[in-house]
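Peer 1: Give the three-dimensional model of this entry:
(one chain, ligands or ions: 1)
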Amino acid sequence: MNLCDISTVKKLMSKYGTGTKKGFGQNFLINEEVPYNIACESYNYHRQVNKNSKNAVIEIGPGIGSLTSELCRAYDKVIAVEIDKSLIPILDETLAEFDNVEVINADFLKLDLNEFLEKNLGECTISVCANLPYYITTPIIMALLENARCENGASKFTSITVMVQKEVALRLCADSKSSDYGAITASINYYGEAKKLFDVTPDNFLPAPKVTSSVVRIELYDEPKYKVQNEKMLNRVIAGAFAQRRKTLLNSLSSSFSELSKEKIAEIITRLGFDINIRGERLSIGDFCMLADEFYKESNK
Ligand code: SAM
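Peer 2: Purely as a prediction, here's the structure:
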């Protein structure tokens, strides 16, 4: 069955009495080359990094299974998490030929990710691959990053290959000196490196979105390149620094850290050698790590 053929997609939807739901960000792929290419980009990198281990991939939002089936052909094991209950019987039919896939009906953002990985993928090396629902791209990527490291610092994921809106892709992959650099770019830079792979135009989807999409692969560092005492604090400092982009780092952080006085924050900024009028967007991930460690020390005094 060609799951990217428009009439097949429509027939399946009508057979199971459902339709595409805007609220769940459903734009299904209708050109079979696209899921094939995304799965290849994910798997080839995974194999390059992990030569011998049993491999697995997590897919967020399988839809009717076009990318899922390509992932099943490549990986030893596929776990697909789909929020829309009405798609589960369709997936039972479209993925029936594969015995290496498990479909879970859940909201990915509500899963306890550590418990989920432990239970489902204990001894496998894991990658993530998805055509993400655009309305929750950033929370999903942040949830993956925040749970990406084991206690010893090693990465749980080899890579995260995702299709997102092109403008989001530019932010994920931005250079720290460009205008696209933002909180999510800085957070990604702590865990790994994002690479833009290719664009996908709106005519490749049903229904067609308004904008072009891009496929990005975040390649996670196996060993931490940067180390902070507390990653939650790092992500809080990054989010705080970018919360009010037009303000100085001092003013933006003062609004986000009510537990620290403005004088204390000013003292930390100058002690670390930054100009007191610097903006958050001028800081590299190394700078954010230094700042986060100082904030962590202060918060635990
Ligand atoms: N993978 C399919 C494809 O490429 O044709 C569908 C991709 S569609 C852009 C996004 C999918 O994510 C939909 O199937 C949607 O129901 C699902 N989804 C949306 N929010 C979700 C959530 N919070 N957790 C899990 N799946 C979600």
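Peer 1: CA atoms for contacts and neighbours, from now on please.
Peer 2: Noted.
Peer 1: what does the stretch 1-150 of the chain have sitting close to the ligand?
Peer 2: Selection of the stretch 1-150 of the chain residues close to the ligand by CA under 6 Å from any ligand atom yields 24-29, 60-63, 66-67, 81-84, 107-109, 131-133.
Peer 1: Setting aside sequence neighbours, what's the nearest residue to P139?
Peer 2: Spatial nearest neighbour of P139, excluding adjacent residues (CA to CA, 6 or more residues apart in numbering): L109 at 7.6 Å.
Peer 1: just checking, the one you found touches A143?
Peer 2: Yes: the criterion here is CA atoms under 8 Å, and L109 meets it with A143 at 7.4 Å.
Peer 1: tell me the secondary structure for A241?
Peer 2: Under DSSP: H, G, I helix; E, B strand; the rest coil, A241 falls in the helix class.
Peer 1: From T248, how far out is it?
Peer 2: From A241 across to T248, the span is 8 Å (CA to CA, to the nearest Å).
Peer 1: list the residues that contact both of those two?
Peer 2: Common neighbours of A241 and T248, using CA atoms under 8 Å, 6 or more residues apart in numbering, are 279-280.
Peer 1: Which one's more surrounded, those two?
Peer 2: Per other CA atoms under 10 Å, whichever of A241 and T248 has more neighbours is A241, with 27 against 18.
Peer 1: so who does the more buried one touch?
Peer 2: By CA under 8 Å, 6+ apart, the neighbours of A241 are 183, 249, 252-253, 279-281.
Peer 1: let's go with 7 Å and repeat that
Peer 2: 249, 252-253, 280 (CA atoms under 7 Å, 6 or more residues apart in numbering).
Peer 1: Filter those down to the ones in helices?
Peer 2: Here DSSP state H is the test, and these give 249, 252-253 as lying in helices.
Peer 1: TSV for these, including neighbour count, distance to R73 and pLDDT?
Peer 2: Putting those into TSV (neighbours: other CA atoms under 10 Å; distance: CA to CA, whole Å; pLDDT from 0 to 100) gives the following:
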residue	neighbour count	distance to R73	pLDDT
L249	27	48	97
S252	21	48	96
L253	25	48	96
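Peer 1: lowest-confidence helix or strand of this protein?
Peer 2: Ranked by mean pLDDT, DSSP states H and E, the helix or strand of the chain with the weakest confidence is helix 113-121, at a mean of 84.
Peer 1: Run the angle between the helix or strand following it and helix 113-121 for me.
Peer 2: Under the assignment DSSP states H and E, the closest C-terminal helix or strand after helix 113-121 is strand 125-131. Put simply, strand 125-131 runs at 110 degrees to helix 113-121, going by axes from the mean of the first three to the mean of the last three CA atoms, to 10 degrees.
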